[in-house]
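Engineer: sharing a model prediction with you, sequence too.
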Amino acid sequence: MKTILYIEDNAVIVQIYRTALLREGFQVEVAEDGLTAARMLSKAKPDLVLLDIMLPTLTGVDVIKYIRSTPALKSTPVIILSDASKADLAMEAIASGVDRVYLKSQCTPAMLIGAINELLGGTAPDPSAQLPSA
């Protein structure tokens, strides 16, 4: 069973995507802030990280930089699922080495699961579902 670390501080969003991921057979661990996520990542390596950018304590960009600078984690796929209003942080996240970026307002659980399956070696997602990484 593949493990996903979902780092998100909005409980409603977590519930929506966590439920869909569990239904698909993934194990889902949740961190509500960046510092908790970093602590969790220091103890266990998930198969994939699903990450919001705007987080309490440490931003998503800080978490990405931690992942990419830690030898045991640096190849871990990272998907950003965040708000459109945070364009500067999104661009910094992309530059820090994420694998996919999705806007919460334009992403469905099915789109996200498709991307996760692709990154973990399964089926390919609809290419129109991914945002350009300009």
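Structural biologist: Looks like it arrived, so ask away. Bear in mind the structure is a predicted one, so any value in this text is a computation, not a measurement.

Engineer: all helices of this structure, in order?
Structural biologist: Taking DSSP state H, the helices of the chain run over residues 11-23, 34-43, 60-69, 87-95, 109-119.

Engineer: the fourth one to helix 60-69, inter-axis angle?
Structural biologist: Here the directions of helix 87-95 and helix 60-69 differ by 10 degrees (axes from the mean of the first three to the mean of the last three C-alpha atoms, to 10 degrees).

Engineer: equivalent analysis for the longest one, please.
Structural biologist: Using the same axes, to 10 degrees, one finds that helix 11-23 and helix 60-69 are set 40 degrees apart in direction.

Engineer: is the most centrally placed residue in the chain bridged to anything, and to what?
Structural biologist: Most central in the chain under C-alpha atoms, centre = their mean is residue 50, positioned 1.7 Å from the mean C-alpha point. Beta-bridge partners for residue 50, by DSSP bridges, are residue 6, residue 79.

Engineer: quick one: pLDDT of it?
Structural biologist: pLDDT, residue 50: 97.

Engineer: pretty sure residue 68 is touching residue 96, no?
Structural biologist: Yes: between residue 68 and residue 96 there is a contact at 6.3 Å, judged by C-beta atoms under 8 Å. For every residue, glycine as well, the C-beta is placed using N, CA and C.
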